[in-house]
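K.L.:
here is the input, now give the coordinates:
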Amino acid sequence: MSGLYIHIPFCASRCIYCGFYSTVPAKKKDERLSVEERYVNAICYEMELRAEKNSDCSGGKKSDLSTIYLGGGTPSQLSFESLQKIFQTIDKVYHIGLEWDTENNTCTTATPIEITMECNPDDITEEFAQNLHSLPINRISMGAQTFSDERLRFLHRRHTADEVETAVKRLRNANIENISVDLMFGFPNETLEEWKEDIERLLALDIEHISAYSLMYEEGTPLYRLLQAGKVKDMDDELYRQMYDTLIERLAEAGYEQYEISNFAKLKVQCSNLKPQSSMFKVQSPYRSQHNSSYWHNVPYIGIGASAHSYSNGKRSWNIADTKAYIAAIEEDRLPCEEEIIDADTHYNDMIMTALRTCEGINLSTLSAEYQTYLMRLAKPLQQQGLLIEDNGWLHLTRNGIYVSDSVMSDLMKV
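P.N.:
Presented below is the predicted three-dimensional model:
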C-alpha cells in the first residue's frame, strides 16, 4: 500500500509566510486556462509514465493506494472538469474502482480510502460544495489560520473569518463528514487571550481534525524579510509555551486526541478529563490524517506534479520545482526528477525526524540491534531529564520533550 500525493501549485495570491512551491495565475483568463489545462494534462500523463516505466523514478507501479491527497498551492482553484480528469486518470492507472452514479450525481470508490483535497475557504461556494458530490473526495483540509480579519490581512490571506464558518456549513450540506482546519498562533503582538478566542471559534465549528502551528519565519519568504528588517518581532519562548499549553489542554478537554506534535483528531466516543499524552494505545481517533501519518510511519508514497516528492524501496525522488519546466519535460516523455538512495544512517535519521513526532513514537522492534543500542544509549540522558520515555517497546516524547523536540531529535541523530 502507498499514498498518492498530487501537487497543484496554483494560488490566486501568495501568503507572506508560505515556503511551499506555488505560482500565481496569469492576468489574462485565456492564459490562465491554458496553463491549467497543460498542467493537468501533464500530471495525468506523469501518472501513466511512471506506471509504464515501472517506477523507474520512485513509485508509480500499479499497486493499491491507501490514500490520495491533493495539496498545493490551492487545489480548489482547479475547475471541476480538471478535477474530474485527474480522478479518472487515477482510476485508470491505479485501479481505485471509481463508481459513478449519474442518477444521483455521486462518485465513490469500490474500496473506501481517504481522499483529501486542500481548499481555501473562499473557494467553497455553493456550486463548489455541490460539485463535491460528483467527486470521490471525502476529506477537506482548509486553511483558516486565524479568526481575526486583521491578522488574515497581515498574512495576505484572501478569505475572511466569517467565510470559514460559511465554508464549513456548505461542506456539511454536501455531506462532507471529515473536515480538517489549520490554525496558527504566535503572530506579532498576538496576546494569549486572542489565541484563546481563535481556539474557541474553531471548536464551535465542531470539525473532526485540527492542525495547529506556530507562525514560522521561513527564509526566502516576505515574512522572513519583514523579520530581518525589524518590522515584525517573533514571540518570546515563554508566550509560545503558554499558547501551546493552552492549545493542548483545551483540545484535550474538548475531546481531541493529540496524535502528533501539531495534529489533533476528534474522538468518536467523548472521554471526560482526557489527559494530554495519556496512554496512546487505549484511545485512537478514526479521524487521524491517514495520508500524513504515512509520512511519519515509513509508508511509501508517490508524488505527482511540480516539486512533488516520492519515497519507495530505499529511494527518495523529487520533481523539478518549476511549472513550465515540469510541463515541458512531461510533454517530451521525460520524468523531470532527481533521486537519491537512502542508506541505513539516513533511514535511521529520517525515522527520528518523523516517527518521534507522533504520540506512539519509535517502535524499537523495527530497529536492528546496532541501531537500537545506539538510540537507547543517546536516549538515556534525555530520559533522565524527563524528555523521553520508553513504554512497552516504544520510545516517545514526554510533554516536556515536545517543547524541545527539535533539540531532542538533534541529539538522537547519527552524524
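K.L.:
in the stretch 1-150 of the chain, which ranges drop under the pLDDT threshold?
P.N.:
Low-confidence segments of the stretch 1-150 of the chain (pLDDT under 70): 20, 24-33, 54-63.
K.L.:
the nearest residue to residue 214 once chain neighbours are set aside: neighbour count?
P.N.:
Ranked by CB to CB, 6 or more residues apart in numbering and with sequence neighbours excluded, the top spatial neighbour of residue 214 is residue 186, at 4.1 Å. Every residue, glycine included, has its C-beta placed from N, CA and C. Residues near residue 186, counting by other CB atoms under 10 Å, number 18.
K.L.:
buried ones in the helix or strand hosting residue 130?
P.N.:
Using DSSP states H and E, residue 130 sits in helix 126-131. Neighbour-count burial for helix 126-131 flags 128-129, 131 (criterion: 16 or more other CB atoms under 10 Å).
K.L.:
also stretch 98-105?
P.N.:
98, 100.
K.L.:
kindly list the longest helix within the chain.
P.N.:
helix 29-52 (DSSP state H).
K.L.:
can I get that helix in CSV, CA atoms only?
P.N.:
These are the backbone C-alpha positions of helix 29-52, laid out as CSV (Å, rounded to 0.1, in the frame of the first residue of the first chain):
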residue,chain,number,x,y,z
LYS,A,29,-8.1,34.4,-18.4
ASP,A,30,-7.1,32.6,-21.6
GLU,A,31,-3.5,32.3,-20.5
ARG,A,32,-4.7,31.0,-17.0
LEU,A,33,-6.9,28.3,-18.6
SER,A,34,-4.2,27.3,-21.0
VAL,A,35,-1.6,26.8,-18.2
GLU,A,36,-4.1,24.9,-16.0
GLU,A,37,-5.1,22.6,-18.9
ARG,A,38,-1.5,21.9,-19.8
TYR,A,39,-0.5,21.3,-16.2
VAL,A,40,-3.5,18.9,-15.6
ASN,A,41,-2.6,17.1,-18.8
ALA,A,42,1.0,16.8,-17.5
ILE,A,43,0.2,15.4,-14.1
CYS,A,44,-2.2,12.9,-15.7
TYR,A,45,0.5,11.8,-18.2
GLU,A,46,3.1,11.6,-15.4
MET,A,47,1.0,9.0,-13.6
GLU,A,48,0.9,7.0,-16.8
LEU,A,49,4.6,7.5,-17.5
ARG,A,50,5.5,6.3,-14.0
ALA,A,51,3.4,3.2,-14.5
GLU,A,52,4.9,2.5,-17.9
